[in-house]
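A.B. asks: Just need the structure, nothing else, for what follows:
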Amino acid sequence: MIKRMRAFFVIIVVCILMSVASTNESFAGNSGKGHEISVKINGLRDSTIHLANYYGKRMYYVDTVTIDSKGNFSFKGDDELEAGVYGVVYKQEKLFEFIINEQYFSLETDTANFEKNLKIIGSKENEYFQEWKVTNKRDQTEVTRINSKLDTLLPGEDSTKYFEKRYDEILSRQQSYSKTFTKKNPDMIFTLLLNAMHKIEPPKKDLPKDEEERDLFVYRYMQEHYFDKTDLSDVRLLRTPVFSNKLEYYMDELTMQQKDSVLNSLEYLLRGTKGNRELFKYIITIFTNKYQKSIQTEMDAVFVNIVDRYFVTGVVDWFTDEQVNQIVNRAKKLVHLLEGNSVPNLKLKDINGEVKALYDIPAKYTVMWFWDPNCGHCKLATPILKEVYEKYDRTQLEVYSVGLMKTKLDWLAYIDKTKLNWINVEDVGYKSEFRTYFDIFSTPLLILLDENKKIITKKITPARLDYVLQDLFK
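C.D. replies: The predicted structure follows:
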């Protein structure tokens, strides 16, 4: 979609960057205060390198140091580092990851294979983590090979049974390892990772035989048990690479994409934080941002509800007053554009200068099409809309096509060239106020109205409109 003007507001995702004071003093006897991670990378020298950690799905720099002529460097400071998964970053490339829970240990590797050749000294947790990474990579390679084989085989073949058995063996071994390890080491970050990555599968003995019933059973089981082994109140999750993806999968794949279902799932996640402020802030922030920018029609209602519940009521107190006001005002503008609401009666001039009122259109359904003759996406989409339009007579479907441009010449030329025989009106020079009302910050924009000019759906493509109309006319 081509941007026509700067977005009205993009919610700022909270990024808590950790500041670590550096010191030139070497540690002695592990006093328990501060941190020092000593690193040697054979093959690198005389350059800068960074320590970064996760906050949600992204990594942020924590420290920057210089590599000496022998490949040695260290990240050290007077304060302890936040527990989580960190990485060494060189020239914007992450070389390898490790866990910081213990604050004093050493790492050594080389440029031949940073991850595979990584050696740990003084951190038992990282030894476990490193062994697991090597084993897990080997298992993933084997699982990929098994799935490729299964794609070429028929159900019931002896070969199919063999590969399915091999897959089950790998999964069983992984789960057995996780169960044993987490029981012995409940407080480790690595345990947190294993639990968060635990594969949730319903008991095979409970699976229905009917395929549709089985799929529904698996979906509901996954939805109910997805966070069984994940403590949503453990703030250390924020500084791992799995937490954000796990939240998004739950909201996108295990939640019906309807307003009430999405809001209920969001409430479930927030309750799971058990009052942990940092986790609560993170979840509210990322999902407010997500649903404010969503192209799915019903997600506008989700965004409006989030704003009403948490911003208007003052629950969100970590944004500035100006930011909160912008978000609240944005929600207010979307309220009247929710599905089922009537749009205002636009009265714009056509190619002959005659005023055409939206509410004078008698068709059962009306498409409002906001476009620009100089917009590349508009030029691609408009002919598709024309094909859909020509499938119906004017009592069934009409298009109220609003040209958004500074001059009429290109608009008139395009209409003539493509023979657009629907209702063509214009707002040369952006004189009307409806852009703000209809939330038009990019083109093209399609809104489908019923005979009473109430919104059925919006922000869909002409190709999608074709399917929507087919269902409506059944």
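
A.B. asks: Only C-alpha atoms from now on, for both contacts and neighbour counts.
C.D. replies: Will do.

A.B. asks: Any buried residues in the helix or strand encompassing K40, and which?
C.D. replies: Taking DSSP states H and E as the criterion, K40 maps to strand 35-42. Buried residues in strand 35-42, counted by 16 or more other C-alpha atoms under 10 Å: 35-41.

A.B. asks: pLDDT and distance to P241 for those - can I get that in JSON lines?
C.D. replies: Converted to JSON lines, the buried residues of strand 35-42 look like this (pLDDT from 0 to 100; distance: C-alpha to C-alpha, whole Å):
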{"residue": "H35", "pLDDT": "96", "distance to P241": "22"}
{"residue": "E36", "pLDDT": "97", "distance to P241": "23"}
{"residue": "I37", "pLDDT": "97", "distance to P241": "20"}
{"residue": "S38", "pLDDT": "97", "distance to P241": "23"}
{"residue": "V39", "pLDDT": "97", "distance to P241": "22"}
{"residue": "K40", "pLDDT": "97", "distance to P241": "24"}
{"residue": "I41", "pLDDT": "97", "distance to P241": "24"}
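
A.B. asks: Tell me the one of these nearest E142?
C.D. replies: Of all these, I41 has the smallest distance to E142: 29.9 Å, by C-alpha to C-alpha.

A.B. asks: ok, that closest one - contacts?
C.D. replies: Counting by C-alpha atoms under 8 Å, 6 or more residues apart in numbering, I41 touches 71-72, 108-111.

A.B. asks: Tabulate the buried residues of strand 35-42 (JSON lines), appending distance to E433.
C.D. replies: Shown next, in JSON lines, are the buried residues of strand 35-42 (distance: C-alpha to C-alpha, whole Å):
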{"residue": "H35", "distance to E433": "58"}
{"residue": "E36", "distance to E433": "59"}
{"residue": "I37", "distance to E433": "59"}
{"residue": "S38", "distance to E433": "61"}
{"residue": "V39", "distance to E433": "60"}
{"residue": "K40", "distance to E433": "62"}
{"residue": "I41", "distance to E433": "61"}
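
A.B. asks: Now do the SS call for G156.
C.D. replies: coil (DSSP: H, G, I helix; E, B strand; the rest coil).

A.B. asks: what do you get for V88?
C.D. replies: Applying three-state DSSP: V88 is strand.

A.B. asks: Tell me the confidence at the closest residue to it other than its chain neighbours?
C.D. replies: Nearest residue to V88 in three dimensions, chain neighbours excluded: L51, at 5.0 Å (C-alpha to C-alpha, 6 or more residues apart in numbering). You'll see L51 listed with a pLDDT of 98.

A.B. asks: Now the two most distant members of the contacts of I41.
C.D. replies: Farthest apart among those by C-alpha to C-alpha are N72 and T111. That separation is 13.3 Å.

A.B. asks: which of the two has more neighbours?
C.D. replies: N72 (17 against 12; other C-alpha atoms under 10 Å).

A.B. asks: Next up, phi/psi of the more buried one, please.
C.D. replies: phi -100, psi 150 (degrees, to the nearest 10).

A.B. asks: That one and I37 touch, don't they?
C.D. replies: No: with contact defined as C-alpha atoms under 8 Å, N72 does not count as touching I37 (11.0 Å).

A.B. asks: Which residues are in contact with V65?
C.D. replies: The contact partners of V65, by C-alpha under 8 Å, 6+ apart, come to 48-50, 73-75.

A.B. asks: Narrow those to just the buried residues.
C.D. replies: 49-50, 73-75.

A.B. asks: ok, so of these, who is nearest Q223?
C.D. replies: Among the buried ones among the contacts of V65, and counting by C-alpha to C-alpha, the member closest to Q223 is H50, at 38.9 Å.

A.B. asks: name the element K333 belongs to?
C.D. replies: Counting by DSSP H and E, K333 is found in helix 321-335.

A.B. asks: Alpha carbons only: can I get that helix in CSV?
C.D. replies: Taking C-alpha atoms only, helix 321-335 is exported to CSV below (Å, rounded to 0.1, in the frame of the first residue of the first chain):
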residue,chain,number,x,y,z
ASP,A,321,0.0,12.6,28.7
GLU,A,322,0.5,13.7,25.1
GLN,A,323,1.0,10.1,23.9
VAL,A,324,-2.1,8.9,25.8
ASN,A,325,-4.2,11.7,24.3
GLN,A,326,-3.1,10.8,20.8
ILE,A,327,-4.0,7.2,21.4
VAL,A,328,-7.4,8.1,22.9
ASN,A,329,-8.2,10.5,20.1
ARG,A,330,-7.2,7.9,17.5
ALA,A,331,-9.7,5.5,19.1
LYS,A,332,-12.4,8.1,19.1
LYS,A,333,-12.1,8.6,15.4
LEU,A,334,-12.4,4.9,14.8
VAL,A,335,-15.5,4.4,16.9
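
A.B. asks: Does anything pack onto that helix? Which helices or strands?
C.D. replies: Contact analysis of helix 321-335 by 3 or more C-alpha pairs under 8 Å, 6 or more residues apart in numbering; DSSP states H and E lists helix 299-306 as its packing neighbours.

A.B. asks: what helices or strands is the helix it packs on leaning on?
C.D. replies: In terms of contacts (3+ C-alpha pairs under 8 Å, 6+ apart), helix 299-306 is packed against helix 259-272, helix 277-293, helix 321-335.

A.B. asks: and these, which is most packed in?
C.D. replies: Comparing those by mean neighbour count (mean count of other C-alpha atoms under 10 Å), helix 277-293 ranks first with a mean of 18.

A.B. asks: chain center to it: distance?
C.D. replies: Distance of helix 277-293 from its chain centroid, counting by C-alpha atoms, centre = their mean, to the nearest Å, is 11 Å.

A.B. asks: Taking helix 259-272 as reference, get the angle to that helix.
C.D. replies: 160 degrees (axes from the mean of the first three to the mean of the last three C-alpha atoms, to 10 degrees).

A.B. asks: Check which residues of stretch 227-238 are buried.
C.D. replies: In stretch 227-238, counting by 16+ other C-alpha under 10 Å, buried: 227, 230-233, 235-238.

A.B. asks: C-alpha coordinates for it, PDB please?
C.D. replies: C-alpha atoms of stretch 227-238 as PDB (Å, rounded to 0.1, in the frame of the first residue of the first chain):
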ATOM      1  CA  PHE A 227       0.800 -22.000  28.800                       C
ATOM      2  CA  ASP A 228       0.700 -24.900  31.200                       C
ATOM      3  CA  LYS A 229       4.500 -24.900  31.500                       C
ATOM      4  CA  THR A 230       5.000 -21.200  31.000                       C
ATOM      5  CA  ASP A 231       4.900 -18.900  34.000                       C
ATOM      6  CA  LEU A 232       3.500 -15.600  32.600                       C
ATOM      7  CA  SER A 233       4.500 -13.800  35.800                       C
ATOM      8  CA  ASP A 234       8.200 -14.600  35.400                       C
ATOM      9  CA  VAL A 235       9.700 -11.300  34.100                       C
ATOM     10  CA  ARG A 236      12.800 -13.200  32.900                       C
ATOM     11  CA  LEU A 237      10.700 -14.400  30.000                       C
ATOM     12  CA  LEU A 238      10.900 -10.900  28.500                       C
END
